[in-house]
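K.L.:
Sequence first, then the predicted structure:
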Amino acid sequence: MKKCVLGFMLLFAALTLKAQIPPAGYEYADSLIFTPLAIVDSTLDGQNIFSILPDNVRIIQSASIRNAVEMKVRGNATQELSGYRIRIFFDNSQTARSDSEAALYRFKVKNPGIAAYRSFTSPYFKVTVGDYRNRSEALQALQHIRKDFPTAFIVRENFRFPALENTAAFKVDTIRYLRPIKH
């Protein structure tokens, strides 16, 4: 029985290796494929799709479906997603309030295009900046921000993402395909 299983495994391995050899007259080539990323636009959260349809569009559906869609829309209106921000200030000293205001002002002057938030969670005053969808975006921004705020670090927070401005975001994959050999 063991010999039969071993023979079957060897046969499978040999056939798998043969699949890697291209047919005569062809070669394997790698190519990049660009796939658009799904866009989540926070400005549409909480809006009823039926209220923004043109007048000439008529939808025939049961009331229960319409109610289910409306309940889902209401539930998503306040939905927060997990993302990343960069904390540039975190202190509980007696001067923390004025220091946090100064840090916020200094950041906004040097980085006017990046959102900044000041908060108080007893006993700490905090200043966090940015709204990053993934850690790699936050790391890239952190390298720039650390020039002015060397103690800055990344924190994970739940918040509503701002509307996407970059509609040309793509995911890049590599595919392998067969092509005729050029002589």
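P.N.:
Cool, got the structure.

K.L.:
per the record, what domains does the protein have?
P.N.:
If the domains of the chain are taken from automatic domain parsing, they occupy 43-76, 81-159, with pieces of a single domain joined by a plus sign.

K.L.:
Quick check: beta-bridge partners of Thr128?
P.N.:
Arg87, Tyr117 (DSSP bridges).

K.L.:
Quick one: closest of the domains of the chain to Gly25.
P.N.:
Between Gly25 and the domains of the chain, the shortest gap by CB to CB is with domain 81-159, which sits at 42.2 Å. The C-beta positions use only the backbone N, C-alpha and C, and glycine is treated the same way.

K.L.:
Out of the domains of the chain, which is the most enclosed?
P.N.:
Mean neighbour counts were compared across these using mean count of other CB atoms under 10 Å; the top stretch is domain 81-159, at a mean of 15.

K.L.:
so what's the residue most central in space within the chain closest to, chain neighbours aside?
P.N.:
Of all residues in the chain, the one closest to the mean position by CA atoms, centre = their mean is Arg133, 4.1 Å from it. Of all residues beyond its chain neighbours, the one nearest Arg133 is Gly83 (5.5 Å), with distances taken as CB to CB, 6 or more residues apart in numbering.

K.L.:
which ones are touching that neighbour?
P.N.:
Contact partners of Gly83, counting by CB atoms under 8 Å, 6 or more residues apart in numbering, are 131-134, 156-159, 161.

K.L.:
Just send these back as a markdown table, with distance to Lys147, secondary structure and pLDDT too.
P.N.:
What follows is these, written out as a markdown table (distance: CB to CB, whole Å; DSSP: H, G, I helix; E, B strand; the rest coil; pLDDT from 0 to 100):
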| residue | distance to Lys147 | secondary structure | pLDDT |
| --- | --- | --- | --- |
| Asp131 | 20 | strand | 89 |
| Tyr132 | 18 | strand | 88 |
| Arg133 | 23 | coil | 85 |
| Asn134 | 22 | coil | 87 |
| Arg156 | 23 | strand | 93 |
| Glu157 | 23 | strand | 90 |
| Asn158 | 28 | strand | 86 |
| Phe159 | 25 | strand | 82 |
| Phe161 | 26 | coil | 67 |
